[in-house]
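[1] 3D model of this:
(2 chains)
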Amino acid sequence: MRLGMTHMGNIDVAVKAIASKLGIDLVMTLATSQRTLDLGVKYSPETACFPFKLQLGNMIEALELGADTLVMPGDLGPCRMGYYHKVLEQILRELGYKFQMVTQTRGIMHMVKYLTNGASLGKVIAGFRFGLAKLKTLEELEGVVHKIRAVERDKGEANRIYREGIKAIDNAPDYRAIRQAKREYLQRLMSLPAITSPAPLKVGITGEFFVVIDPFTNMDIEIELGKLGVEVRCHISISEWVRLNPFVYVLGLREKDKSHKAAMPYLSHHVGGDGWQSVGERILHAGDWDGIVHLEPFGCLPEIMARNIMPSIKEGPPVLNIIYDEHTGKAGMITRLEAFVDMLHRKKRRQEAVCV
Amino acid sequence: MIKIGIPRALLYYQYYPMWKTFFEELGAEVVVSPPTTQTVLSEGSSRVVAETCLPTKVFLGHVLSLVKKCDYIFIPAIRSVKSKTYNCSKFLGLPDMTRAVIPELPSILDIDIDVNKGKHVLYQAIYKLGRHFTWNPFRVRRASIAAWQANLNYQQLMCNHSLTPPQAIERILDTPGVEPKTHPDYPIPTQATIAIIGHPYLLYDEHINYRLIHRLKQAQNKVLTPEMLTTEELESATARLVGRAKWTCEEEVVGAGGHYLRSGTDGVIGITAFGCGPDSLMMDIVQRQARTMTTPFMSLTLDEHTAEAGIVTRLEAFLDMIYRKKRKRICV
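    Sure thing, here's the model as predicted:
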């Protein structure tokens, strides 16, 4: 069995770590590129959403390199994603590839057992813990980078260090090496020369999970915001998605649960995907964020619901909505971001003038 | 008497007889919004973001046309009507979204239908809805049993007599004034058998699909729709194509498509709304199936910019192709 990898943000680091611990033969594909996108767009249904097209492109590239097993989660609530695996499988079979599509529709344990060749549960959990540890460290590092990017004196330095950090953590063979890398890179980031005044704007990023997580899809929006001197806050992360600690779920400690609770007066139920969370974050962070950038792939059902409901919320920071598909141009996004940040600056200055 | 408004859109075509019976048994009066017009559509579109799908815009237009005509508007949130299937996001958040985009709305009667949560929760939801009219749980029970019976009769009628939902509603309720006026008798179908698949709110809203069924019938074609199939036929066809259904509305697209493609119809027309999430993938599966079966298949995408001439041209071309194919077969 050769498992084909699909990309989404930093998830490849975790997948690689888990695969190496459990002895899974992983086919390493290159990061998502324009070619991936072109392949995906070529064979996808026209109005399928953007993540579908990227997944298809990724899978084709993996199969070209000799993968024979693909993983796609199925039946994940009322979002199109739960239906992906059926259509992806048909498209790829029609293209003449021979492979096995693994989904968790027959139970997650069944899938894990199949992929790991029946490894013991202890080994599987240990593998997952190691992968998650890497992911968590990366996310912590990312959180710091979000802050540093806004204030660093030499633009681009923080980014360079962060990229080195990803490589170092990716290569770390054990927990100790991860901790060491984390310490080293945090220290390097902290010691970058910074501009301290005026205090940077805080802009939250929310929206559809895949677009927020994946820098190829969202065209490095975090870096672009950093260049504009904006501190990015983002509570959507892969490690929050998969928590091994059951108490977190029971007590509702995740950002997701908090934002769902906040959204209650406006949207009382799950509408699939991350629509509920997007509505909630606007209410939850009315005080501490200066603005929100709401990202979604074109035609995303839950986010369209969120976008219809958001304007009816009385309080809450201004929202800029950016929709991504294969025709989105980076220059257009940057122009809109600049205009949005200008507006936020003006609003903040006016507020400060009133206070004084 | 309390007046309940029911918008003539979305799930109206599937459940109207049931809802009407339920509310009338509880002593309320039911008001249905008039058939879709351009005004209804443009008023609905003006309230929501552009990417919202056409049926939702039509629905909001109907809600707006009911605003001052009733005390309550009935907007159910149907989450799931079969275990482990899901409905589209638009249906899940329908009451919340309507409240958010139409602030001048009278009170909304909403009910959460989710069979995944068990019978008890379902009964409680129905009772909670009935509480707006009576405190007596037995009366609510009686009304819901009558409503369910009405729903079964309605489905039976469509299936046995090959009727479309508007025809069946007309026959059950015997109120021709409320329904769009019936067309004169059609010529005897001699040309071809065409199946139309898609959601009822696209197939039977004559304004948004430019009287597609009427046009087909007038051209002497026999028209088949998903409602004319039994549940078993739909389920087995769905199982053959994709396995277990994931969407509540999957059978009327994949099931009906799968069945009609194999059952020897001369052509299948798939109707989708632009930007419909479930359809974007489901119609693709039907299209792929059509390619392997070599049954002619045409997919029509509707939105508020769809022009009548465009639909007519494509329909004519499709029918011409089918007739030519049939003639050739006869010659051979």
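[2] which outside residues touch the helix or strand that A:V203 is a member of?
    Per DSSP states H and E: A:V203 is located in strand A:201-207. Contacts to strand A:201-207, defined as CB atoms under 8 Å, 6 or more residues apart in numbering or on different chains, come from residues A:150, A:212, A:221-222, A:225, A:229-236, A:274, A:277-278, A:281-282, A:285, A:288-296, A:303, A:317, A:341, A:344-345, A:348. Quick note: C-beta positions are derived from backbone N, CA and C, even for glycine.
[3] go through those and flag which are in helices.
    A:150, A:212, A:221-222, A:225, A:277-278, A:281-282, A:303, A:341, A:344-345, A:348 (DSSP state H).
[4] could you check the angle helix A:275-284 makes with the strand holding A:V203?
    For strand A:201-207 against helix A:275-284, the angle by axes from the mean of the first three to the mean of the last three CA atoms, to 10 degrees is 160 degrees.
[5] where along the stretch 101-250 of chain B do the strands fall?
    For the stretch 101-250 of chain B, the strands defined by DSSP state E, counting those that start in this stretch occupy B:107-109, B:112-114, B:192-197, B:221-224.
[6] among those, which is nearest chain A?
    strand B:112-114 (7.3 Å; CB to the nearest CB).
[7] how far off centre is the strand holding A:V203?
    Here the centre of strand A:201-207 is set off from its chain's centre by 14 Å, with CA atoms, centre = their mean, to the nearest Å.
[8] equivalent analysis for stretch B:244-256, please.
    Relative to the centre of its chain, stretch B:244-256 is centred 13 Å away, using CA atoms, centre = their mean.
[9] what residues does it touch?
    By CB under 8 Å, 6+ apart, stretch B:244-256 touches A:74-75, A:82-83, A:86, B:78, B:80-82, B:84-88, B:91, B:195, B:197-200, B:225-227, B:229, B:231, B:233-235, B:237-238, B:241-242, B:270, B:278-279, B:282-283, B:285-286.
[10] which of those residues fall in helices?
    Filtering these for helices - DSSP H - leaves A:82-83, A:86, B:91, B:200, B:231, B:233-235, B:237-238, B:241-242, B:278-279, B:282-283, B:285-286.
[11] filter these down to the buried ones and express that as a ChimeraX selection.
    Per 16 or more other CB atoms under 10 Å in any protein chain shown, the buried members of the ones in helices among the contacts of stretch B:244-256 correspond to this ChimeraX selection:
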select /A:82,83,86 /B:91,200,233,234,235,237,238,241,242,278,279,282,283,285,286
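[12] distance of the most centrally placed residue in chain A from chain B?
    By CA atoms, centre = their mean, chain A has its centre lying nearest to A:I213, at 1.5 Å. Using CB to the nearest CB, to the nearest Å, A:I213 is found at 20 Å from chain B.
[13] okay, now the spatially closest residue to that residue that is not a sequence neighbour: neighbour count?
    Excluding the flanking residues, the one nearest A:I213 by CB to CB, 6 or more residues apart in numbering or on different chains is A:G9, at 3.8 Å. If you count neighbours by other CB atoms under 10 Å in any protein chain shown, A:G9 ends up with 22.
[14] do the same with A:V151
    A:V151 has 18 neighbours, counted by other CB under 10 Å.
[15] can you read off the pLDDT for it?
    Per-residue confidence (pLDDT) for A:V151: 90.
[16] mind giving me the PyMOL command for buried ones among the ones in helices among the contacts of strand A:201-207?
    Command for PyMOL, covering only those of the ones in helices among the contacts of strand A:201-207 found buried under the criterion 16+ other CB under 10 Å:
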select buried, chain A and resi 150+212+221+222+225+277+278+281+282+303+341+344+345
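[17] go through the ones in helices among the contacts of strand A:201-207 and name the one nearest B:K117.
    Checking the ones in helices among the contacts of strand A:201-207 against B:K117 with CB to CB, the nearest one is A:Q277 at 21.6 Å.
[18] gap between the residue lying closest to the closest one once chain neighbours are set aside and chain B?
    Take A:Q277 and drop its neighbours on the chain: the residue closest to it by CB to CB, 6+ apart is A:S259, 4.7 Å away. Distance of A:S259 to chain B, computed by CB to the nearest CB: 15 Å.
[19] where's the closest residue to B:V286 other than its chain neighbours, which helix or strand?
    Among residues not flanking B:V286 along the chain, B:G257 sits closest, at 3.6 Å (CB to CB, 6+ apart). Using DSSP H and E, B:G257 sits in helix B:256-262.
[20] in that helix, which residues are buried?
    Applying 16+ other CB under 10 Å to helix B:256-262 flags B:A256, B:G257, B:G258, B:H259, B:Y260, B:L261 as buried.
[21] related to what we said a few turns ago, can you tell me the element the residue nearest to A:I213 falls in?
    Under the criterion DSSP H and E, no helix or strand holds A:G9.
[22] and it, what's its pLDDT?
    For A:G9, pLDDT reads 85.
[23] C-terminal to the helix or strand bottoming out on mean pLDDT in chain A, what's the next element?
    Ranked by mean pLDDT, DSSP states H and E, the weakest helix or strand in chain A is helix A:246-250, scoring a mean of 69. Next along the chain after helix A:246-250, taking DSSP H and E as the criterion, comes helix A:255-263.
[24] who are the packing partners of that following helix?
    Secondary-structure packing of helix A:255-263 (3 or more CB pairs under 8 Å, 6 or more residues apart in numbering or on different chains; DSSP states H and E): helix A:275-284.
[25] other SSEs contacting the helix it packs on?
    Secondary-structure packing of helix A:275-284 (3+ CB pairs under 8 Å, 6+ apart): strand A:201-207, helix A:255-263, strand A:291-297, helix A:301-309.
[26] ok, the nearest residue to B:S162 once chain neighbours are set aside - contacts?
    Nearest residue to B:S162, sequence neighbours excluded (CB to CB, 6+ apart): B:M228, at 4.8 Å. The neighbours of B:M228, taking CB under 8 Å, 6+ apart as the test, are B:M158, B:C159, B:S162, B:L163.
[27] same thing with B:I269?
    B:I194, B:A195, B:I196, B:I197, B:L212, B:F297, B:M298, B:S299, B:L300, B:F318.
[28] can I get those in TSV including pLDDT and distance to chain A?
    Shown next, in TSV, are those (pLDDT from 0 to 100; distance: CB to the nearest CB, whole Å):
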residue	pLDDT	distance to chain A
B:I194	93	23
B:A195	93	21
B:I196	94	20
B:I197	93	16
B:L212	91	20
B:F297	93	14
B:M298	93	15
B:S299	92	10
B:L300	92	13
B:F318	95	19
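[29] and chain B, which of its residues are near chain A?
    B:48-49, B:51-52, B:77, B:79, B:84, B:86-90, B:92-93, B:96-97, B:99-101, B:103, B:112, B:242-243, B:246-247, B:274-278, B:280-285, B:288 (CB under 8 Å from any CB of the partner chain).
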